[in-house]
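**Q** Fold the stuff below for me.
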Amino acid sequence: MVVWASFREEIRALTDRIRSTGRTVATYHGGLNEKERIESLDQFRGGQADVFLATPQSCGTGIDGLQRASFEIFYSRTYSLTDYLQ
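**A** Numbers count the residues shown, from 1 in each chain. As a prediction, this is how the structure comes out:
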């Protein structure tokens, strides 16, 4: 599952809530350095994370490697329609 949220604070809060259910989470947002982003994406691609939480601004919704997602959730709306068109 991929969950898109508009702000890092939402990503952090959602991460805590989802982890409390026993699921594994990989996060991807502008506050992470490049190495952390790559590791997070690799965790999801490799199946080590059940949920991928990201901001559309950090990677765009068309990022490669998210094909394994059964579905996508847009948790909060974005302020730009172009975020949905990538």
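**Q** Run a quick neighbour tally on Thr21.
**A** For Thr21, the neighbour count with other Cβ atoms under 10 Å is 9. Where C-beta positions appear, they are placed from N, C-alpha and C, glycine not excepted.
**Q** what about it, distance to Arg12?
**A** 16 Å (Cβ to Cβ, to the nearest Å).
**Q** Any idea what Val3 is bridged to?
**A** Residues in a beta bridge with Val3, per DSSP bridges, are Leu53, Ile73.
**Q** gap between it and Phe52?
**A** Taking Cβ to Cβ, one finds Val3 at 7 Å from Phe52.
**Q** Of the two, which one has the most company?
**A** It is Phe52, of Val3 and Phe52, that has more neighbours when counted by other Cβ under 10 Å, with 25 against 22.
**Q** backbone phi and psi for the closest residue to that one other than its chain neighbours, please?
**A** Closest residue in space to Phe52, ignoring its immediate chain neighbours: Phe44 at 4.2 Å, by Cβ to Cβ, 6 or more residues apart in numbering. Here is the backbone geometry of Phe44 (degrees, to the nearest 10): phi -70, psi -50.
**Q** Could you give the number of residues near Phe44?
**A** Neighbour tally, Phe44, other Cβ under 10 Å: 25.
**Q** what pLDDT does it get?
**A** Phe44 carries a pLDDT value of 90.
**Q** Can you verify my assumption that it contacts Ala26?
**A** Yes - the criterion here is Cβ atoms under 8 Å, and Phe44 meets it with Ala26 at 4.4 Å.
**Q** Please enumerate the shared neighbours of these two.
**A** Common contacts of Phe44 and Ala26 (Cβ atoms under 8 Å, 6 or more residues apart in numbering): Phe52.
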